[in-house]
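J.: Here is a sequence together with a model predicted from it:
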Amino acid sequence: MNRWLLVAAVVVTLALPPLLPERHLGTFVLLGLAATVTAGVSMLMGYAGQVSLGQASFYAIGGYAAGLLTVHGVPTLAGLLAAPVVAAVAAVLLGAPLLRLRGHHLAFATLAMQLILLSLLGRGDWAGGAIGLQGIPTLPVGGDLGYAYLSWAVLAVVLVISRNIVASRAGRGLRAAATSEIAAAAGGVAIGRYRLTVFALSAAFAGLAGGVYAFYLGYLSPGSFPVLLSIEFVVMAVVGGLGTIAGPVVGATVIVLLVQALNTLGTQPGMPGYAPSVLSYAVYALLLVVTVLYLPRGIVPAVTDRLVKERRP
Amino acid sequence: MSDFLGYLLTGLGIGAGYALVASGLVAIHRVTRVVNFAQGAFAVVAAMLTSSLLAAGLPHGFAELTGVLTAALAGLLVGLVAIGRPGTTPGTSLIITLGLGIFAYAIEIVIWGDQPRSFAGVPGVAVVGGARLQAHYLLILAVTVPVFLAMAAFFARTDVGKALSACASNPYAALVVGIDVRRMGLLAFALGGALGGLAGVLTTPVQQVTFDSDVTLLVNGFAAAILGGLTRPVVALGGGLLLGVAQTLIAGYGGSAYQLEVALVLMLAVMIVQASRRGAVPEPAR
């Protein structure tokens, strides 16, 4: 049954973009990118047990890497390929000291990392400063429709990689470490190295998504990557279900669609000007709190559990 | 020299605000093991409410007190959601307080809008030893120091304070001798809310507040609290004052734009040093 569900999801995803009106195509592209970043967050939180409140910094690093390279004359494809590499290298360099930290220490450290990055980008004239980086060329993919397929192709690649990582030796080791780190370490699991690998890989996912984002919008500024964006990725990962393959896609889809619907509602005539932002804050907050309290493992595990129970009378 | 004294006193005033946020984090963390991400929101709510009450013509003192009490109530509500359900782990509670901090944005924008707000504090300029500084900084210090002394007395001398300390040192043993650990946790949240609110009310006259100022307040408060491992209020006071003075000196002698970075780098350095002292293998979870 699972296989048919997968085929149906692929068919719907391939058929959807041409049917969508122009203004919703943008949402579709950004949804694919958000799900890509969330896949990394989900792997990091679900398997390596690390809360990152700074994942948007790797999204930004990937975006700026692609943007800066192509603005200075590097071919667009090379820029896109460089984005995940630069983000992963940054993650290895930052992760070496930061991953000694755990729990709320790591959460604050990643938050601090993002605030420092934003202030560096805002001050750095080489990156366009607070005004932003303009004039990033576009990828030769044939307009918005091409970007829609590109972003979801990126997502597919990322999901396949995470599935293979989870099933690998490193994935098994990390799952053991999530139950008891001391026991796993005593059993010969190289926890430090695996955690750093997952951290770098999740950063590479975010960097790749950031690269596509840079080419899609053609413009980057520090304001595009607020701390709230990092928190959004955490919300998407938690709501969908940590450590599952479908979770990031479901979580990102649920939240993006809800926020989009409320945005439409909030911009109706007669609604106050603050309505859209208030509604989206409230949605993020309530979904996060309700999920954590009542569906602690997220939507996807809850639904699959129920399906399994029904089939076994 | 008088420049230096001025920076020092201003820095102590700013640092006292951080120390209050930090002590709220510490009060909650030592009893419940939860790091409260909504801590900055208490300060924002108290400051916004006080500015509205003052604008409506209520006298100083009453408006500030109402702000602080409302923040205490907000703390209690956050506590109810974050630790009210039995079996919620500290990690889960952290995510819940993160969500509630964002929920506070929605409430604050609906009630007070998204523009910065402030209100008048102690007017005028004070001259201390030849140094000129805004008189309000002296008020911040004059309130913060007694608050910390009162807290120390509360934790050491009163029954409730001792019960809170008992929960902090060993929740299971506290339960065995008949202390309601959950109620003490809620009390800690209310206390944390009041301390956060006090920080907001005291610092708003010298530092405007917007709905998203909570990130800055939280980061500075956490940086101050982490020196004492989030468990020792007195070290948090020292950390807050040190941070405030360091930021003001750096701003005064050049890099005015790097204030938050000072806190961030200090926080990262302290945490990494603490982690390397503890060793690679974490202590087993309690």
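T.: Sure thing, it's come through. Predicted, not measured: the structure shown is a model, and the values here were computed from it.

J.: Give me the nearest residue to residue B:235, chain neighbours excluded.
T.: Of all residues not flanking residue B:235 in the chain, residue B:228 sits nearest, at 2.8 Å (CB to CB, 6 or more residues apart in numbering or on different chains). The C-beta positions use only the backbone N, C-alpha and C, and glycine is treated the same way.

J.: Helices of the stretch 151-300 of chain A, residue ranges please.
T.: A:169-179, A:181-186, A:191-217, A:227-240, A:247-266, A:275-294, A:299-311 (DSSP state H, counting those that start in this stretch).

J.: Specify the local secondary structure of the residue nearest to residue B:235.
T.: Under DSSP: H, G, I helix; E, B strand; the rest coil, the three-state class of residue B:228 is coil.

J.: pretty sure it is touching residue B:234, no?
T.: Yes: checked against CB atoms under 8 Å, the pair residue B:228 and residue B:234 is within contact range at 7.3 Å.

J.: who's more crowded, these two?
T.: Each of residue B:228 and residue B:234 has its neighbours counted (other CB atoms under 10 Å in any protein chain shown); residue B:228 has more, 20 against 14.

J.: count of residues packed around residue A:44?
T.: 26.

J.: what residues are up against the closest residue in space to it that isn't next to it in sequence?
T.: Nearest non-adjacent residue to residue A:44, counting by CB to CB, 6+ apart: residue A:202, 4.6 Å away. With contact taken as CB atoms under 8 Å, 6 or more residues apart in numbering or on different chains, residue A:202 is in contact with A:40, A:41, A:43, A:44, A:52, A:55, A:58, A:91.

J.: Which one of the residues you listed is nearest to residue A:245?
T.: Nearest to residue A:245, judged by CB to CB, of the contacts of residue A:202 is residue A:43 at 9.4 Å.

J.: what's around that closest one, how many residues?
T.: Neighbours of residue A:43 (other CB under 10 Å): 30.

J.: Please apply the same query to residue B:129.
T.: 9.

J.: Once you drop chain neighbours, what's closest to it?
T.: Nearest to residue B:129 is residue B:5, by CB to CB, 6+ apart, at 5.3 Å.

J.: looking at it, that neighbour is touching residue B:132, isn't it?
T.: No: checked against CB under 8 Å, the pair residue B:5 and residue B:132 is beyond contact range at 9.7 Å.

J.: ok so, going back, nearest to residue B:251, of the helices of the stretch 151-300 of chain A?
T.: helix A:227-240 (22.6 Å).

J.: Pretty sure residue B:60 sits in a helix.
T.: No: under three-state DSSP, residue B:60 sits outside any helix and is assigned coil.

J.: so where's the chain shaky on pLDDT?
T.: No chain specified, so I'll use chain A. Along chain A, the parts satisfying pLDDT under 70 run over A:1, A:311-313.

J.: um, chain B though
T.: Using pLDDT under 70, the flagged stretches of chain B are B:1, B:255-257, B:279-286.

J.: Could I get the full set of strands for the stretch 1-150 of chain B?
T.: Assigned by DSSP state E, counting those that start in this stretch, the strands in the stretch 1-150 of chain B fall at B:125-128, B:131-134.

J.: again with the stretch 51-200 of chain A
T.: Counting by DSSP E, counting those that start in this stretch, the strands of the stretch 51-200 of chain A are A:133-134.

J.: residues in it within reach of chain B, list them.
T.: Within the stretch 51-200 of chain A, the positions lying close to chain B (CB under 8 Å from any CB of the partner chain) are A:51, A:53, A:97-98, A:100-105, A:107-109, A:111-113, A:115-116, A:119, A:123, A:181-182, A:185, A:192.

J.: what's the longest helix in chain B?
T.: What stands out as the longest helix in chain B, according to DSSP state H, is helix B:2-32.

J.: what comes up buried for that helix?
T.: The neighbour-count check on helix B:2-32 (16 or more other CB atoms under 10 Å in any protein chain shown) flags B:6-32 as buried.

J.: before we move on, what about stretch A:280-289?
T.: A:280, A:281, A:282, A:283, A:284, A:285, A:287, A:288, A:289.

J.: need the contact list for residue B:135.
T.: Residue B:135 touches B:122, B:123, B:124, B:125, B:126, counting by CB under 8 Å, 6+ apart.

J.: which residues sit in contact with the nearest residue to it once chain neighbours are set aside?
T.: The shortest distance from residue B:135 to any residue other than its chain neighbours is 4.1 Å, reached at residue B:126 (CB to CB, 6+ apart). Residues near residue B:126 by CB under 8 Å, 6+ apart: B:132, B:133, B:134, B:135, B:137, B:138.

J.: do that again at 7 Å, thanks
T.: B:133, B:135, B:138 (CB atoms under 7 Å, 6 or more residues apart in numbering or on different chains).

J.: What's opposite the first one in the beta bridge?
T.: Here residue B:133 shows beta-bridge partners residue B:126, assigned using DSSP bridges.

J.: wait, doesn't it sit right on residue B:8?
T.: No: the criterion here is CB atoms under 7 Å, and residue B:133 misses it with residue B:8 at 9.4 Å.

J.: measure residue A:220 to residue B:113 for me?
T.: Distance, residue A:220 to residue B:113, by CB to CB, to the nearest Å: 29 Å.

J.: from the contacts of residue B:126, which is closest to chain A?
T.: Comparing those against chain A with CB to the nearest CB places residue B:133 closest, at 26.9 Å.

J.: Near chain A, which residues of chain B? Just list them.
T.: For chain B, the residues in contact with chain A (CB under 7 Å from any CB of the partner chain) are B:35, B:81, B:85, B:91-92, B:94-96, B:98-100, B:102-103, B:105-106, B:109-110, B:113-114, B:215, B:219, B:222, B:260-261, B:264, B:267-268, B:271-272, B:275-276, B:280-282, B:284.

J.: Pull out the buried members of those residues.
T.: By 16+ other CB under 10 Å, these give B:35, B:81, B:91-92, B:94-96, B:98-100, B:102-103, B:105-106, B:109, B:215, B:219, B:222, B:260-261, B:264, B:267-268, B:271-272, B:275 as buried.

J.: Now intersect those residues with the helices, please.
T.: Taking DSSP H, the ones among those that sit in helices are B:81, B:91-92, B:94-96, B:98-100, B:102-103, B:105-106, B:109, B:215, B:219, B:222, B:260-261, B:264, B:267-268, B:271-272, B:275.

J.: that older thread, residue A:32: which of the strands of the stretch 1-150 of chain B is closest?
T.: With CB to CB, the closest approach to residue A:32 among the strands of the stretch 1-150 of chain B belongs to strand B:131-134: 51.6 Å.

J.: want to throw the buried residues of stretch A:280-289 into TSV with distance to chain B?
T.: Converted to TSV, those look like this (distance: CB to the nearest CB, whole Å):
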residue	distance to chain B
A:280	9
A:281	4
A:282	4
A:283	9
A:284	5
A:285	3
A:287	8
A:288	4
A:289	4
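
J.: can you tell me the residue of the stretch 101-250 of chain B closest to chain A?
T.: Minimum separation of the stretch 101-250 of chain B from chain A (CB to the nearest CB) falls at residue B:103, amounting to 3.5 Å.

J.: what residues are up against that residue?
T.: By CB under 7 Å, 6+ apart, the contact set of residue B:103 is A:281, A:282, A:285, A:286.

J.: which residue sits closest to residue B:140, ignoring its sequence neighbours?
T.: Residue nearest to residue B:140 in three dimensions, not counting chain neighbours: residue B:13, with 4.4 Å by CB to CB, 6+ apart.

J.: residue contacts, that neighbour?
T.: Going by CB under 7 Å, 6+ apart, residue B:13 touches B:137, B:140, B:141.

J.: how close does the last one get to residue B:122?
T.: Put plainly, it is residue B:141. Separation of residue B:141 from residue B:122 (CB to CB): 11 Å.

J.: was I right about residue B:2 contacting residue B:128?
T.: No: under the criterion of CB under 7 Å, residue B:2 is not in contact with residue B:128, lying 9.1 Å apart.

J.: Overlap of the contact sets of these two?
T.: Among the neighbours of residue B:2, none is also in contact with residue B:128 (CB under 7 Å, 6+ apart).
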